[in-house]
Structure formats: C-alpha cells, structure tokens
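Q: Sequence below, structure please.
(2 chains)
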Amino acid sequence: MKKIHILGIIIIAVAIGAILTTLGSTSTYANFTEATQSPDNEFHVVGKLNKEKEMIYDPKTDANIFTFYMTDMDTLNPTTKKVVLHKNKPQDFERSEQIVLIGQMKGDEFHASDILMKCPSKYNDGKPQAAK
Amino acid sequence: MEYIGEHLLIGKVGNVFIILSFVFALLASISYFFAARQNEETLSWKKIGRWSFRIHALSVIGIVVTLFIMLFNHYFEYEYVWHHSNKAMPMRYILSCFWEGQEGSFLLWTFWHVVLGLILQRTTKEWEAPVMSVISLVQAFLASMLLGIFIFGDNRIGSNPFTVLLREHPDWANIPLFTNPNYLEKIDGNGLNPLLQNYWMTIHPPTLFLGFALTVVPFAYAIAGLWTRKFTEWLKPALPWTFMAIAVLGIGILMGGAWAYEALSFGGFWAWDPVENASLVPWLTLVGAGHLMLINKNKGQSLFTAFALAILTFVLILYSTFLTRSGILGETSVHAFTDLGMSGQLLIYLLFFLLLGILLLIMNWKHMPKVQEEESLYSREFWMFVGAIILLISSFQIMFYTSMPVWNKLFDLKMAPAKDVIGFYNAWQLPFAFLVTILIAIGQFFKYKNTDPKEFFKKITFSLLVSVLLTGLFSYILSYNNALYILLMFSSIFAAVSNFNYITHALGGKIRKAGASVAHIGFGLIMLGVLISTSKKDIISQNSSGKDISALGEKMTNNDNILLTQGDTLPMGNYWVTFRGRRAEGINVYFDVDYFTKENNTYVKEFTLSPLFQVNPRMGNVPEPDTRHFLTFDVYTHVTYALIDAPNKTENTKDEYTAAKNVPMKRGDTVFSSNAIIIFDSLSTNFDRSKYNLKDDDIAVMANISVLDIRKKYQANPVYVIRDNAIQPVPSRVDDLGLQFMFWKVDPQNGNIEISVQEKKANVRDFLVMQAMIFPYINILWMGCIVMFIGTLMAILERIRKS
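A: Predicted structure coming up:
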C-alpha cells in the first residue's frame, strides 16, 4: 500500500469523525412543551418576550439572575413559561423581537444559561420621518 | 406629484454605469475567450477584450464615484443613501457608509477585481487572454448583483442603489411624509450604525475584500491552466499572487479579530462565529493551495490537489458570501446581513463556478503529468502535502459545523449549535494546530526529494532541546497541567525556534531568502499567543455580592458579572476597584472605574478604565469595552448592564422616598440600605406612649432599631399600633441618612417582625454591572500577526525579484 493510500484512509476517518461528532454535539430547537417532556435535556427555545408579565432584575441582590416570561413559537398551542436567566439582564432587552434561550426546564421554570436576542435595531433600522 | 429638490439625473447616470459595467464585463469575457484560442483572429479578439475590460473598469469607477457623490451630498431620495448615512455624521465615516450595505460591499469587491484586472492585463503576457476571460466572467456575475432588473415576472436580478428611491421603497411607500412634495427639506438619513463608527470600519472591510478579491487570481490561473492544458506553466506567475492573497486575507481576518477585541463586547478576539469562520476557511485552503503549488513547481508532485485547492478556495469565498448574505444563518450569527432577495442568484453563481471547476478537473485528469515514483518519507514535498491535507480537513470540520443552518434547511432538521460552541471548535482544532505547527517546525529541514535521516535529526536536535526547555519553563510559570495545551505550546514554540534556527544556520543569516521562515515564526507565535491568552483567560469579575447562587445547580452558575455601586471599593482579581461615576460625551456614556493595588494597607491607584455605552434610541444601546494593555497581559472590561439614565437625582425629587422595601426580620438580624447597616435589636411594649399620642385601649409595640453608618450610630423606633381593629403604624425617620422605617407585621409567638425601609431618592447611588477579564500574553499573538505578514511579503518580493 502506498503512503498516499494510508493518508487517504486517515483523512476519510477524520472527516467521518468530524461529521459524527458534529451531529452528536448539537442541541435541538424545541418549544416549551417538548422541553417539559424531557427535563434532563438542554434545548434551544425560540420565543417572544411576554411584555404583560413582570420582569425582575435586581442587580443589587444578584447581578446574575434575571427573570421574565416568554411565550414560545408553537403555532397551535403557544405556551408561556417563567424564565430564569442565569446572567445579567441584556441591555435593550425590552426591544428584542425574538429570543433564543439555551437551557432546560426545572419544574415549571425554564432555567437558561444563555440567551440570544434578535433586535430590530441592529441592522434593520428606523423608518423615514421628518426631522424635528 | 412633482417632488421638489430631488436629484434623479445622477441616479440615471449611475444606472447607466451599472449596465455598462455588466455588458462590457460580459463582452470582455467572451472576447478574451476567443482570444485564448490560438488562431489568426487572436489578436483582434484580444484587442476587443482589452478595451472592453477597460470600459468595464471605467464604468465601475464611475459607479463608485457616483455613489460617493450621492453620499457626500446627502441625497436622501435614494434608499441606499438614506439607509446608510445622515447629516450629522462626520465626513470621515462616509467611506464606511459606502460599504456598510450589501450593494456597497459588492461594489468594493468588484472595485478590487478591477484594480487587479488592470494590473494583470499588463503583467500576464501569454496568460492574458484565458486569465482575463475568467476574471471578466467573475466580474459579469458580480456586476449583475447591482443590476436590479426584473426578468420573468417577479424575479429580480441584483439590487441597484441608484434605482431604488426611498419614496418608492415597498416598506415606506405609504408613509404620509411622501404626500409632501417638499419632503426632502424635512428628512434626515437613518445614519450609520454607531457601533460601526470607528476607524476599524474604515480599514477592515477594504483589507478583507482585497483579500477576497486576490483569491480570484490563483483561481483564474488554475482554470486557465486546465483550459489551455498548460498544466504546470501557470504555477510560476500565480505563486506571488497566491501568497499575496494569503498575506492580505490573513491580515484582514486578524484585523477583524482585533476589532472584535478592541471595540465589541463578546470578550475575546475569536468566537468561532459563522462570519469569522466563513473567511478563515478559504484562508486555510488557500495556504494549502499555495504550499502545494510550491511543491509542484519544485518537484512536480501534487498537481491535481494544487488545482483542486486553488479552485476550492475561490468557491469557498463565494460560499462565505452566500452564507453571510442570504440570511440563512439566522439566529446563529450576530452579524449576518439580512436577506436582500439575492440568495438564489448567489447560489447560481456559486454552483456555476463549482461545476466549472469540477468539470475542467475531470476532463483534464487523464492529461495531467504525473510523477510515478512515490515521495520519500524524508522529503520536504511529502510533509508539505500532509500539511496541506491537514489544513483541508481542519477547514472541512469548521465548514461542516458552520453550515448547520444549511443542513437544517436541506434536510428539514432542527439542529441547534452546541451549548459550548467555542469549546467544541477548540477541541477539534487544537490537534490540527498541533500537527500543523510540528510540520512547520520540521518542514524546512527536509530537502526536496530525499534527506539523510541522520543529518536531519542532527540539525533538528538543537531546536528540539531549546523548545522542550522553553515549554517546561512556560508550563511551570503558567502552571499548565493539561497535556494537550502543553503539547500545543511545545509545537508552537518548536515552530518558532526551529525556523529561527533555520535562518541563522541553514541560510547563514541571508535575510532575503528567509521570508518563508519568518512567516512560519509568525505563525508559531500566533498559535502560542492564541493558546496562552485563551486557555489562561481569567474572568476576574466574580460575583462578590455575598449571595450564594451555587444552590441553583452547578451547571447554572454563571457569576461572571460584578456589581459595583458608586463609591464602594470591592476586590477583583489582584485589584481593588471603585466605580467613580458616569460621564456623558455626546452619545457615549462612560463609566469610570478606578483600579487600585493595596500596599501596606494603603490603596495605590494604578489606572482607570472607562468602558462605555453608546446611547442611541433608534439603533439600540451598545456597550463598548475598554482595555488596559500591559506588556504581559491585558485587563479587558465591558459593561453588561447599567441604567441608561442615572438614578434620579434632580433637585425637585431628591427629597421623595423610594418605594418601600419590606424585610422580614427576627431579633438580631441585619439588612443593608445603600448607606447604612440596619440592625433589629428588640421589641418593647413599655415606652412613653404619650409621645405618640396613643389612646389607652390602643395596642402598641415599638421596635428598637440601630442604624449605623461609618461615622455614627442612630436609633429608629417605629411603632406598630392597632387602633379600633385597624393597623396604624407610626413611622420613624433618621433624617441624617434619609431613611424612614415602618413596621407592619409582628408575630406574637416569636417576636419576628416585618419592617419596611424607604430611602430618599438622593440616597440612591448609581451602579454598574460589568465583566472584567485578564488576557495574558496576548501581545505574542499580535506580534505573531505582524511577523507573519512581514515574512510573507519578504517571500513574495524575493519571488518577484527572481523572476
């Protein structure tokens, strides 16, 4: 066997390894109902901030806890859950259009370790208006 | 309706330039195509090709100038101008507005191709026709991105900054403002995102796009080589261009990293974000291609792979463009562009050049010259080939993971990125980095063809020993105990040391020939800097509020933020920090934080960092970090949360009390107000009731509360009164401290009470939640970047000088 063939086999093995670990180390997008059904797994839950319910961030007590309510994107049966984010309250949180939470259900609360926000502000901005 | 003050003529001029640029790029490509076929018409076709490309070049410059005139003069009737600029913006940012939008960035890319094309026309000699034919074809595709015309009904080709008027834009068409014929008098532009208003935005995109543009040269040569079946002759002229592309694209990527580190708040220089990966991956394959081209030029091996990688690199550049411009990345990236409806067009563009490359490779596979004898294990070409293949696998892993949203779309999956994306990439890429740096270390000590093993080991031993010693020393200083980190540290140091050794010994210090070695030293230093600053990154802003949050589960503990109340001094890492206060400058709010060290119980002020918030109600408030650079480490901080308006301290409300805070307490308990310590001492029923105007049948209990601030101890005595079956508490105030206490509940069994504490608004102090981290030895990384860039330039100059 030529060296080039050995190299070829190694390449293929590593490439398959890359594909398998990639598929193996992913999380899944889910809604709250699915997250509740398997509380041991971590999920990405996409949803919208529920602005009617309370948001609590008291950095003087704990700068790393922020609670709010989010409604998931389930079209048939949108569910609202209390979310405990173990991080600071993101700046401009109220302006978020869409939220992605990363975490898992604990009882009736969703405990998120991280959050991604889609803000209308970042790249897609205001509308034409007369200057004041 | 007749609108007043619109400048519609200039848009028409711009549009003519766009159409000309497209038509003449196409014409140039076709003419050059025929010119590449050797026959009696060659010369006249070549002439047409040349002039067509020149007209195309002029048109592109015309487009650029027209767009600049529109931006400079604030012609807000054009959507592009309105969207990306405004009147208040300093002129120096007009350049940034130009390429902020998609159309402008395509234009920048096209412009660099034009510059390269004009140089290549003069320098490529016998390669002119086929190479320019490919480049003109690429230009035709890029120019079509700006056409903005409709074919077959609703299918729009390109997005044209000159024909889209603000008042006709589908999003704004029904806005009442446009019923006013004089709307331009009143309107101001949307403006450039303040996040992008810094010098990085002026220098990073042009550099990165020049890097992108340069990859077209090896691609065009490779295609030309396959097409004209001059399979090896293309290597020599293409090599300096390839390494130029490596240098410029590399520096462009690293500039992006430096920008992220200096001005954005994700806490580092590299986050494996899809947009970053999209430019890193073509760079890796380009480095592979460049090295394979060198092998082939010297020894004739690896020709097919060299072709394949040169073509793949350009296709990957197109794929990056597709990923970042089509909106497919969605949630997974912080800075993907929104979809302009051109993803289909981009996909066609991508597939066209991919299939063209594959087809030419298959058609010519049999005709390519092949070296029959197998490479020796002790030959430079064998290990260079292995290195190129490792780069290819490494880029495959990155691309496969980055493309997850594409797989989701293709196969209707619901995969989301892993929780620790950065960790996942690092775990995969670390072994690749180890292998590549080892190869860099030993590569040059192998000769082409064959090396005497004894001689090889004799030459390498010195560097090996020095590197082992240095690795031991650094591992000890940094207290490393992770075997993988120690391995990478060794290989990176080995790469730098042995290349240095190669310059001083093998080359006898001949600087002219040392380009490759210098570049390799730079790469070794980059890897070393990346390794140390990333693995030893230390988040010093731990939660020191005293609250235990580990009860919530270890997995959930994320206490990387520190709360600083104005005036308090808290320990943080090796420092004591004080939040001195905020100050506003324009749209920026700076938070001044002083850093002290403690010597013999006195605080010595070391420096001040002022991370800031850009307040922009229209575009969102964005934090910007501040970093203190030292020789061996950086202190990096950014604001994670702060009130946008300072707590209320205006004259007319400062005497009001804040909302009450209700605290259940048992005897001896302590609570804190912002300026004092409050201790519940005892309850008493035996006190002078007349002071409180109490009736005989009132039930009354008094709480004895001590209030301590730094200087003095105060007493507060709120009274709990039940009169006629209703609770009527009597408050107690400590006016010096602006505190008021009331007492609402008492448990008769155990004497526990609930008191409500109120503070005057003047008492409330400003606060700041921030993150601070130490990046050790990050300067090694930046130094490595510069060294690698210089080394690559040296190698290019030497190559040009020789030819």
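
Q: which residues of the stretch 151-300 of chain B score low on pLDDT?
A: The stretch 151-300 of chain B contains residues with pLDDT under 70 at B:153.

Q: where does the closest residue to B:M132 other than its chain neighbours land in three-state SS?
A: Once flanking residues are discounted, B:M132 sits nearest to B:Y32: 4.7 Å by Cβ to Cβ, 6 or more residues apart in numbering or on different chains. Every residue, glycine included, has its C-beta placed from N, CA and C. Following DSSP: H, G, I helix; E, B strand; the rest coil, B:Y32 is assigned to helix.

Q: OK, contacts around B:Y32?
A: Residues in contact with B:Y32, defined by Cβ atoms under 8 Å, 6 or more residues apart in numbering or on different chains, are B:W45, B:K46, B:G49, B:F53, B:E128, B:A129, B:P130, B:M132, B:S133, B:S136.

Q: Of the residues you listed, which is the nearest to chain A?
A: B:P130 (30.4 Å; Cβ to the nearest Cβ).

Q: that's a helix at that closest one, yeah?
A: Yes. Counting by three-state DSSP, B:P130 is located in a helix.

Q: since we're on the nearest residue to it once chain neighbours are set aside, how many residues are nearby?
A: Setting aside the residues directly before and after it, B:P130 is nearest to B:A224 in space (Cβ to Cβ, 6+ apart), at 3.5 Å. Applying other Cβ atoms under 10 Å in any protein chain shown, we find 26 residues neighbouring B:A224.

Q: If you tally nearby residues, what's the number for residue 23?
A: The chain I'm using is chain A. With neighbours defined by other Cβ under 10 Å, the count for A:L23 comes to 14.

Q: The chain in question should be chain B.
A: For B:V23, the neighbour count with other Cβ under 10 Å is 16.

Q: And what about B:V371, helix, strand or coil?
A: Assignment for B:V371 (three-state DSSP): coil.

Q: Distance of it relative to B:L356?
A: Separation of B:V371 from B:L356 (Cβ to Cβ, to the nearest Å): 27 Å.

Q: quick one: which of the two has more around it?
A: Neighbours of B:V371 and B:L356, each counted by other Cβ under 10 Å, are more numerous for B:L356; the result is 17 against 13.

Q: In CSV: the contacts of B:Y32, plus neighbour count and pLDDT.
A: What follows is the contacts of B:Y32, written out as CSV (neighbours: other Cβ atoms under 10 Å in any protein chain shown; pLDDT from 0 to 100):
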residue, neighbour count, pLDDT
B:W45, 19, 93
B:K46, 18, 93
B:G49, 26, 95
B:F53, 27, 97
B:E128, 20, 93
B:A129, 23, 94
B:P130, 25, 95
B:M132, 29, 96
B:S133, 24, 96
B:S136, 28, 97
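
Q: What is the nearest of the residues you listed to A:P90?
A: B:S136 (47.9 Å; Cβ to Cβ).

Q: Get me the contact residues on the stretch 1-150 of chain B for chain A.
A: Contact residues, the stretch 1-150 of chain B versus chain A (Cβ under 8 Å from any Cβ of the partner chain): B:W82, B:H83.

Q: Please name the nearest non-neighbouring residue to whatever residue of the stretch 1-150 of chain B ends up closest to chain A.
A: Distance from chain A to each residue of the stretch 1-150 of chain B (Cβ to the nearest Cβ) is smallest for B:W82, at 6.5 Å. Spatial nearest neighbour of B:W82, excluding adjacent residues (Cβ to Cβ, 6+ apart): B:F76 at 4.3 Å.

Q: confidence score at that neighbour?
A: According to the predicted model, the pLDDT of B:F76 comes to 89.

Q: Now do the strands in chain A.
A: Per DSSP state E, chain A carries strands over the ranges A:27-30, A:43-49, A:66-72, A:80-85, A:98-106, A:109-118.

Q: Which helix or strand in chain B has the lowest average pLDDT?
A: Taking mean pLDDT, DSSP states H and E as the measure, chain B has strand B:155-157 as its least confident helix or strand, at a mean of 78.

Q: Run through who's touching the top helix by length along chain A.
A: Identified as the longest helix of chain A according to DSSP state H is helix A:3-24. Contact with helix A:3-24 is made by B:374-375, B:377, B:382, B:386, B:389, B:392-393, B:396-397, B:400-401, B:404, B:415, B:424, B:428, as judged by Cβ under 8 Å, 6+ apart.

Q: how about 7 Å then?
A: Helix A:3-24 is contacted by residues B:E374, B:V386, B:I389, B:I393, B:F396, B:Q397, B:F400, B:Y401, B:W428 when judged by Cβ atoms under 7 Å, 6 or more residues apart in numbering or on different chains.

Q: where does B:L350 land on pLDDT?
A: 93.

Q: That one: what secondary structure?
A: helix.

Q: can you pull the contacts of the residue nearest to it when sequence neighbours are not counted?
A: The shortest distance from B:L350 to any non-neighbouring residue, by Cβ to Cβ, 6+ apart, is to B:L318 (4.4 Å). Residues near B:L318 by Cβ under 7 Å, 6+ apart: B:Y349, B:L350, B:F353.

Q: what do you get for B:I295?
A: Contacts of B:I295 by Cβ under 7 Å, 6+ apart are B:Q301, B:S302, B:E381, B:M384, B:F385.

Q: now B:G14
A: With contacts defined as Cβ under 7 Å, 6+ apart, B:G14 is in contact with B:I63, B:T66, B:L67, B:F162.

Q: at 8 Å what do you get?
A: Each residue near B:G14 by Cβ under 8 Å, 6+ apart is listed here: B:G62, B:I63, B:T66, B:L67, B:M70, B:P161, B:F162.

Q: The fifth one against B:I10, yeah?
A: So that's B:M70. Yes. At 6.3 Å, B:M70 counts as touching B:I10 under the criterion of Cβ atoms under 8 Å.
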